[in-house]
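S.K.: need a structure here:
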Amino acid sequence: MKDGVNGVALGVFIFFFLAVTVMGFLAARWRKAENEATLDEWGLGGRSFGTWVTWFLLGGDLYTAYTFVAVPAAIYAAGASGFFAVPYTILVYPLIFTFLPRLWSVSHKHGYVTTSDFVRGRFGSKGLSLAVAVTGILATMPYIALQLVGIQAVLDVMGVGGGENTNWFVKDLPLLIAFAVLAAYTYSSGLRAPALIAFVKDGLIYLVIAVAIIYIPIKLGGFDDIFASAQDKFTKAGAGSLAPAAAGQWGYATLALGSALALFMYPHSITATLSSRSREVIRRNTTILPLYSLMLGLLALLGFMAIAAGVKVDNGQLAIPQLFENMFPDWFAGVAFAAIGIGALVPAAIMSIAAANLFTRNIYKDFLKPDATPEQETKVSKLVSLLVKVGALAFVLTMDKTVAINFQLLGGIWILQTMPALVGGLFTRWFHRWALIAGWAVGMVYGTAAAYGVASPTQKHFGGSSKEIPGLGEIGYIGLTAFVLNVVVVVVLTFVLNALKAPAGTDETSPGDYTADAGDPGVQEKLPPATAGAPGGH
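M.R.: You can find the predicted model right below:
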């Protein structure tokens, strides 16, 4: 690590940060609607985004600063087992092709803003809706915190904030400033801000990865030398080889599958999806989003490059920022750091909006103020989005970073337990609402308890997300095991409750709602008054 502040890299970083800040505030005027005081406008961008805007927004949403830092860091620390992120992002797109267009259609027809809105309408259960909402908020909070961890890693490598003995306020001031700017333009512009900034964020990331995958191997003597260095490291460490051992293959496969099932259960994924203007936009995006998986595969290779470059860090999350500083000229290191920093701002904004929408629609309106006007809903959602970011910031500043990572792993286990209600409800009304609540509760309790019992060399609890699968004796992803238990409970109790003729609740949807498009009769178009010439239009 270079001594002092890397002034050139910091200058480039600040330039891009200021540029996206201006864009964030200007986004309030982009596709401006006549009435902005609704969640449709503030929280979903007017449901008006076309194919390319949606593609960049979803990409900015799913491929975050933490992805940029953590995926190659996993390769750096554990070898090829860290590549699980690549197959799971490939698996996820055929899965979402089957259900996201249906969710878009029914949500557009009934004005649903969140997944909990749909669950309440489909099963006539505010209790089930509340369970989905609370799970979504809990799973999202540590995810936002990890975006701030990504910014902090970049600032640390640039030498900003001083050493460990520096006054806490001075040390964390750059992060506080970044947070304040993020909070301000999200409050002002809503989902339009990250949608516009996502163009810059993804452009920078593609540029940095394209340069890194060519430039760094040339400096290191080629990929043969890179893989040989990595093989040598893992052999000396007693890991055997780059590839996971046979005993780890169940863990690898179940983690990839479970992560694929969970990815589009997160509220921020659904928020970005519902912001699009038609179901055809969603279908197109499921076919072109795999381009990001190609980028992710190349990104993961940076972990091996960090080994070959001799990067030594106590915190694995610093490995890739440190690789960039060591290998790139200072000015391009600044570009790379800006890509990571902006890669944190976009998803953090979307996540805070998604969590705020869940609170507003499914806690505030359903339980606290049923007669809330659209203006009141929007005001509450804006305020809650600020509180969510404050909570994430406090999390980062007051807790050990491994705690945030552990809670994010736990969030993946939790959010997967909402899949039976959400995806099951999109295809059938057979599941009983009480059975879905019971299955959710069993999955949540088992998943949390199992994760609590996992130890690692550095901590006694929440040390990982894999444990022995009951009955199989293989090590597998806890979230997938909890999901299987969840589904079994739902199916068994549904048979019992239906046999007992327990009240099933009222379904406010109809079969035609799940295939309706924006232009169909009876479906209100939600387009801004002027979209000509706007990016992403048809």
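S.K.: pretty sure residue 39 is touching residue 374, no?
M.R.: Yes - assessed by Cβ atoms under 8 Å, residue 39 is found in contact with residue 374 at 7.0 Å. To be clear about C-beta, it is placed using only N, CA and C from the backbone, and glycine gets the same treatment.
S.K.: Looking at those two, which is more packed in?
M.R.: residue 39 (24 against 14; other Cβ atoms under 10 Å).
S.K.: For the more buried one, give me its contacts.
M.R.: Taking Cβ atoms under 8 Å, 6 or more residues apart in numbering, we find residue 39 in contact with 113, 357, 360, 361, 374, 377, 378, 381.
S.K.: So the second one: helix, strand or coil?
M.R.: Per DSSP: H, G, I helix; E, B strand; the rest coil, the secondary structure class of residue 357 is helix.
S.K.: picking that back up, which one of the contacts of residue 39 is nearest residue 217?
M.R.: Of all those, residue 357 has the smallest distance to residue 217: 43.8 Å, by Cβ to Cβ.
S.K.: Not counting sequence-adjacent ones, nearest residue to that closest one?
M.R.: Once flanking residues are discounted, residue 357 sits nearest to residue 43: 4.7 Å by Cβ to Cβ, 6 or more residues apart in numbering.
S.K.: can you check residue 486 too?
M.R.: Per Cβ to Cβ, 6+ apart, closest to residue 486 is residue 443, 3.4 Å.
S.K.: Then residue 24?
M.R.: Using Cβ to Cβ, 6+ apart, the nearest residue to residue 24 is residue 185, at 3.2 Å.
S.K.: re earlier: least confident pick among the contacts of residue 39?
M.R.: Lowest pLDDT among the contacts of residue 39: residue 374, with 90.
S.K.: which residues touch it?
M.R.: Contacts for residue 374 (Cβ under 8 Å, 6+ apart) come out as 37, 38, 39.
S.K.: Could you rerun that using 7 Å?
M.R.: With contact set as Cβ atoms under 7 Å, 6 or more residues apart in numbering, residue 374 has these partners: 37, 38.
S.K.: can you name the two of the contacts of residue 39 that are farthest apart?
M.R.: Greatest spatial distance among the contacts of residue 39 (Cβ to Cβ): 357 and 374, at 12.7 Å.
S.K.: Could you tell me the phi and psi values at residue 475?
M.R.: The phi and psi values for residue 475, taken as degrees, to the nearest 10, are phi -80, psi 130.
S.K.: Give me the distance between it and residue 443.
M.R.: 19 Å (Cβ to Cβ, to the nearest Å).
S.K.: Neighbour count: the two, which is higher?
M.R.: Remark: of residue 475 and residue 443, residue 443 carries more neighbours, 29 against 18, as counted by other Cβ under 10 Å.
S.K.: Mind telling me what element the more buried one is part of?
M.R.: Here residue 443, judged by DSSP states H and E, is contained in helix 433-452.
S.K.: tell me what that helix is packed against?
M.R.: helix 126-158, helix 401-416, helix 419-427, helix 478-499 (3 or more Cβ pairs under 7 Å, 6 or more residues apart in numbering; DSSP states H and E).
S.K.: Kindly calculate the angle that the first one makes with helix 401-416.
M.R.: So that's helix 126-158. Angle, helix 126-158 to helix 401-416, by axes from the mean of the first three to the mean of the last three Cα atoms, to 10 degrees: 150 degrees.
S.K.: Buried ones in helix 126-158, by neighbour count?
M.R.: Neighbour-count burial for helix 126-158 flags 126, 128-158 (criterion: 16 or more other Cβ atoms under 10 Å).
S.K.: ok, the residue most central in space within the chain - contacts?
M.R.: Computing the C-alpha centroid of the chain and ranking residues by Cα atoms, centre = their mean puts residue 62 first, at 4.8 Å. By Cβ under 7 Å, 6+ apart, the contact list for residue 62 reads 263, 269.
S.K.: Also residue 410?
M.R.: Contacts of residue 410 by Cβ under 7 Å, 6+ apart are 448, 451, 462.
S.K.: quick one: which of these is nearest residue 89?
M.R.: Nearest to residue 89 among the contacts of residue 410 is residue 451, at 22.8 Å by Cβ to Cβ.
S.K.: The closest one: neighbour count?
M.R.: Count around residue 451 with other Cβ under 10 Å applied: 25.
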